[in-house]
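Enquirer: build me a model from this:
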Amino acid sequence: MPANRATFQITSALTGAYVDLQQLLGLRHSAYKDLTNNSNAVGHQSGLKISKTRGRGVDFAEVRQYQPGDDARMIDWRVTARKNKPHTKIFREERERPVLIFVDQSQQMFFGSQLRLKSVAAADITARIAWQTLAAGDRVGAVIVDNHSQHLFRPYRSSRAVGRLLNQLAISNQSLTRHPDKLSSSRQLAGLQQLQRLTHNRFRIFVVSDFAGELEMWRNHLQRLARNNQVDVIQIYDPLDKALPPTGHYVVTDGQQRVNFFSGNPRVRENYAQQFKYRRDALQDMCRHPSMHYRALSTHSDTLAWDL
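Expert: Reported below is the predicted structural model:
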């Protein structure tokens, strides 16, 4: 684990077992507040700034003293006359960087032990990313994977488009039940394939999941996406994914069956913790690619942390 670590504080995090559309729409103000409050603390990687380069673009940036090589047509004659030295107008050129969000609302995300379920945490951070992207002036789209299908939303720059995306996200979230789903991995794969078909060059892609299932599947598709895009991996986890509860006797249920479980076996506890560590380390190792970043968000925390 690298020594330098940045955190992004989330305000008014959603809690509970489900989210609805009004809650996701209501995050618009919180998302903008998150963006402005955290920009100074963690730099440009925390938010979704428009990439700007100096050039002859649409938006005026500043006036500065003329330098050899500047375009003479860009001389600001009023400022030149006032200061008795030639000054040039500088414009900023906006390079669009559309954002795509892959958000996992499949069955294994329907789990949580304290503040909220993993599916709720994933929906929460997805809505914030969507609203922040819109505030930054970029297009935003998504691939939502749930227990029934994959839902594709091509990138658009409008609050109405974000509203449609969040409406489906709420529907997918509320359709989750305790019943096991053996097809989660195949739907995740289909969603990643849709994501690849949708992206071109210079997209920013957020992948929000607990990354259960075959690590090789995730590795192959995410590294392929990272060849021409920036990929941000956000691992959602619950404290019980990371370690077993304190030593004692517990009743574990999946909604259909109940099993008595004793958590005090040292070997079982160590093996359980090692399994989570192995998956987390594998994801971090995967994200050592120059165009990939790893972040982690716990269901018990309102802080999104990542390595610099």
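
Enquirer: residues near Q65, how many?
Expert: Counted by other C-beta atoms under 10 Å, the residues lying close to Q65 total 12. Where C-beta positions appear, they are placed from N, C-alpha and C, glycine not excepted.

Enquirer: for it, list each beta-bridge partner.
Expert: H87 (DSSP bridges).

Enquirer: do you know how far it is from Q23?
Expert: Here the criterion is C-beta to C-beta, to the nearest Å. By it, Q65 lies 52 Å from Q23.

Enquirer: poorly predicted segments of this protein, please.
Expert: 1-9, 11, 33-61, 91-95, 179-184, 254-255, 303-308 (pLDDT under 70).

Enquirer: which residues in it form helices?
Expert: Assigned by DSSP state H, the chain shows helices spanning 21-42, 77-83, 118-135, 159-174, 184-198, 215-225, 239-242, 266-286.

Enquirer: point out the most buried one among those helices.
Expert: Comparing the helices of the chain by mean neighbour count (mean count of other C-beta atoms under 10 Å), helix 118-135 comes out on top with a mean of 26.

Enquirer: which strands and helices sit next to that helix?
Expert: helix 21-42, strand 99-105, strand 140-146, helix 159-174, strand 204-209, strand 230-237, strand 292-298 (3 or more C-beta pairs under 8 Å, 6 or more residues apart in numbering; DSSP states H and E).

Enquirer: run the last query once more with 6 Å
Expert: helix 21-42, strand 99-105, helix 159-174, strand 204-209, strand 230-237 (3 or more C-beta pairs under 6 Å, 6 or more residues apart in numbering; DSSP states H and E).

Enquirer: tell me which of the helices of the chain lies nearest to V145.
Expert: helix 184-198 (4.0 Å; C-beta to C-beta).

Enquirer: what about the closest one, distance to the chain center?
Expert: How far helix 184-198 lies from its chain's middle: 17 Å, per C-alpha atoms, centre = their mean, to the nearest Å.

Enquirer: kindly report the same for stretch 236-245.
Expert: Remark: stretch 236-245 is offset 20 Å from the chain centroid, using C-alpha atoms, centre = their mean.

Enquirer: reformat the helices of the chain as a markdown table; add distance to K89.
Expert: Output for the helices of the chain, formatted as a markdown table (distance: least, C-beta to C-beta, whole Å):
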| stretch | distance to K89 |
| --- | --- |
| helix 21-42 | 27 |
| helix 77-83 | 9 |
| helix 118-135 | 27 |
| helix 159-174 | 33 |
| helix 184-198 | 38 |
| helix 215-225 | 39 |
| helix 239-242 | 55 |
| helix 266-286 | 45 |
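
Enquirer: V233: neighbouring residues, count only.
Expert: Neighbour tally, V233, other C-beta under 10 Å: 24.

Enquirer: ok, now the one 3 residues further on?
Expert: Using other C-beta under 10 Å, I236 has 27 other residues around it.

Enquirer: and for L100?
Expert: Residues near L100, counting by other C-beta under 10 Å, number 26.

Enquirer: that one contacts R204, correct?
Expert: No - in this structure L100 lies outside contact range of R204 using C-beta atoms under 6 Å: 7.5 Å.

Enquirer: give me the domain ranges for the protein.
Expert: 5-49+96-307, 52-94 (automatic domain parsing).

Enquirer: got the contact list for V79?
Expert: By C-beta atoms under 6 Å, 6 or more residues apart in numbering, V79 lies in contact with 63, 87.

Enquirer: how much space between the residue nearest the centre of the chain and G112?
Expert: With distances taken as C-alpha atoms, centre = their mean, F206 lies nearest the centre of the chain, 4.2 Å away. F206 sits 21 Å away from G112, taking C-beta to C-beta as the criterion.

Enquirer: lovely, talk soon.
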